[in-house]
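**Student:** My questions concern the predicted model and sequence given below.
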Protein chains: 2
Amino acid sequence: MAYRTTERTEAKLAETRERIVTTARELIAEGGYVAAQIAAVAERAGVAVGTVYRHFPSKSDLFAEVFREASQHEVDAMREAVEATPGPAADRIAAGIDVFARRALRGRRLAWALLAEPVDPAVEAERLHFRHSYRDLMAEVISDGIEAGDLPPQDVEATAAALIGAIGETMLGPLSPTANGSDPEALIASLINFCTRAIGEEP
Amino acid sequence: MAYRTTERTEAKLAETRERIVTTARELIAEGGYVAAQIAAVAERAGVAVGTVYRHFPSKSDLFAEVFREASQHEVDAMREAVEATPGPAADRIAAGIDVFARRALRGRRLAWALLAEPVDPAVEAERLHFRHSYRDLMAEVISDGIEAGDLPPQDVEATAAALIGAIGETMLGPLSPTANGSDPEALIASLINFCTRAIGEEP
DNA sequence: ACAAGAAGTGAATCCTGATTCACTCCTTGG
DNA sequence: CCAAGGAGTGAATCAGGATTCACTTCTTGT
């Protein structure tokens, strides 16, 4: 045996892999899944098609990873906002939505891809996980609010799911007024009002 | 000239066309767009593939029609419920949601396909129209409510969009508790509570 | 019964990408 | 410098469906 990958080589490998993932995310952010063919990723990343397959067994696997990283990032941001906010449940949820909304406004395409654009089953599984995280985060805060007496009793899961739907539709859905350049600040304010009322708090 | 289609022939033509559309809708209701290949539609409808193309220039056109009919039907049902309900805006919206929710529970697959499953652009245009109709219906009622002093002033469009999102997610989305057999009645009640609060009415 | 004009048929073709793999190029340890 | 063990390459292959079209089978009016 005369060849065994050394640390330097490993690093180069990892770098290439990373570049592929990053490129894939960029392409999705620009044109959604349709624009993210393996050939396109390879070209933009400066490698051959075969190289992509040396790092990922299939397209699904590559995109599952892209998805996982990107969504984790989003959820972390929202969680951080929620946890950094003191006060009653309504305020904490408002803070979370605010962060979500602003992040979604930059990078609509990517946000939409993460939240709603259809993909193959393997990637869909990642999305489900992602949505669950969002919902659980909301549900947790609402539960606390109910216990503290800030919010009326309610089906926490259902409320949380409905909140996710409302947020997604308002910011990213086909009905979203953000599509036609209306004032984003006003939209965010409306959304927060809506959600605040919806959980049972007077705005 | 020795042949000109007669009334009887026309009728047979129309019947075949109708059968194709109906079959396509059934297939979507059973397995979504993936299950609705032209070949499958043709076979189930008892015609040859070529015949489908004699009636519709392309797959998109066929499904756009399926879509248009089905969604019109849904919106009509909701509109009817809203218009048949007297009283304050909150009650009317609750009635609309109730109808939507119950219809969605039967035929989840079709409802999801209509509302959210990804499709090609031509069909997507129909969906947009469909969602707009829903939103406008909600928006109209909310506006009336505000004018009548039943509801607080708010961005009507944004509220309506958020409602659609909340309803869709709750009843059909991947987070929907309906997926795992929880009590549908309770879910509908929660949803209506949520929406009622969200538009600014005490439940 | 016949010819013209349509409608029906489905095997063959096309298209769009994902996936493979025989071959070339590097790295490494001896 | 050499041979072994990977890593990189991209043209060729596959696959899944939509779409076509040369040919067959009705229908109708004379």
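**Tutor:** Perfect, thanks for sending it. Residues are numbered from 1 along each chain as shown, chains lettered A, B, ... in the order given.
**Student:** what's the helix or strand for the spatially most central residue of chain A?
**Tutor:** Geometric centre of chain A, nearest residue: A:Ser71, 3.8 Å, by Cα atoms, centre = their mean. Here A:Ser71 sits within helix A:59-84, counting by DSSP states H and E.
**Student:** buried stuff in that helix?
**Tutor:** Using 16 or more other Cβ atoms under 10 Å in any protein chain shown as the test for burial, helix A:59-84 gives A:59-60, A:62-68, A:70-71, A:74-75, A:78-79, A:81-82. C-beta here means a position set from N, CA and C on the backbone, and glycine is covered the same way.
**Student:** Please name every helix or strand in contact with that helix.
**Tutor:** Where contact means 3 or more Cβ pairs under 8 Å, 6 or more residues apart in numbering or on different chains; DSSP states H and E, helix A:59-84 is packed against helix A:7-31, helix A:38-45, helix A:89-105, helix A:108-115, helix A:121-147.
**Student:** List the buried residues in the next helix or strand after the second one.
**Tutor:** Reading on from helix A:38-45 to the C-terminus, the next helix or strand found by DSSP H and E is helix A:49-55. Applying a neighbour-count criterion of 16+ other Cβ under 10 Å, one finds A:Val52, A:His55 buried in helix A:49-55.
**Student:** correct me, but A:Leu175 touches A:Glu169?
**Tutor:** Yes. The pair A:Leu175 and A:Glu169 qualifies as a contact (Cβ atoms under 8 Å) at a distance of 6.2 Å.
**Student:** Can you find the helix or strand in chain A with the smallest mean pLDDT?
**Tutor:** Using mean pLDDT, DSSP states H and E, helix A:108-115 stands out as the lowest-scoring helix or strand of chain A, at a mean of 91.
**Student:** And it, how far out from the chain middle?
**Tutor:** Distance, stretch centre to chain centre, for helix A:108-115: 7 Å (Cα atoms, centre = their mean, to the nearest Å).
**Student:** And stretch A:82-93, by the same measure?
**Tutor:** Per Cα atoms, centre = their mean, the centroid offset for stretch A:82-93 relative to its chain is 20 Å.
**Student:** about what we covered before: right, so of the helices and strands packed on helix A:59-84, which gets closest to DNA strand D?
**Tutor:** Nearest of these to DNA strand D, taken as Cβ to the nearest atom of the strand: helix A:7-31 at 4.9 Å.
**Student:** outside of the closest one, which residues touch it?
**Tutor:** A:5, A:35-36, A:40-42, A:44-47, A:51-52, A:55-56, A:62-63, A:65-66, A:69-70, A:107, A:109-110, A:113 (Cβ atoms under 8 Å, 6 or more residues apart in numbering or on different chains).
**Student:** repeat for stretch A:71-79
**Tutor:** With contact meaning Cβ under 8 Å, 6+ apart, stretch A:71-79 is reached by A:96, A:99-100, A:103, A:111, A:114, A:126-127, A:129-130, A:133-134, A:137.
**Student:** mind redoing it with 10 Å?
**Tutor:** Stretch A:71-79 is contacted from outside by A:95-100, A:102-104, A:107, A:110-111, A:114-115, A:126-127, A:129-134, A:136-138, A:140, using Cβ atoms under 10 Å, 6 or more residues apart in numbering or on different chains.
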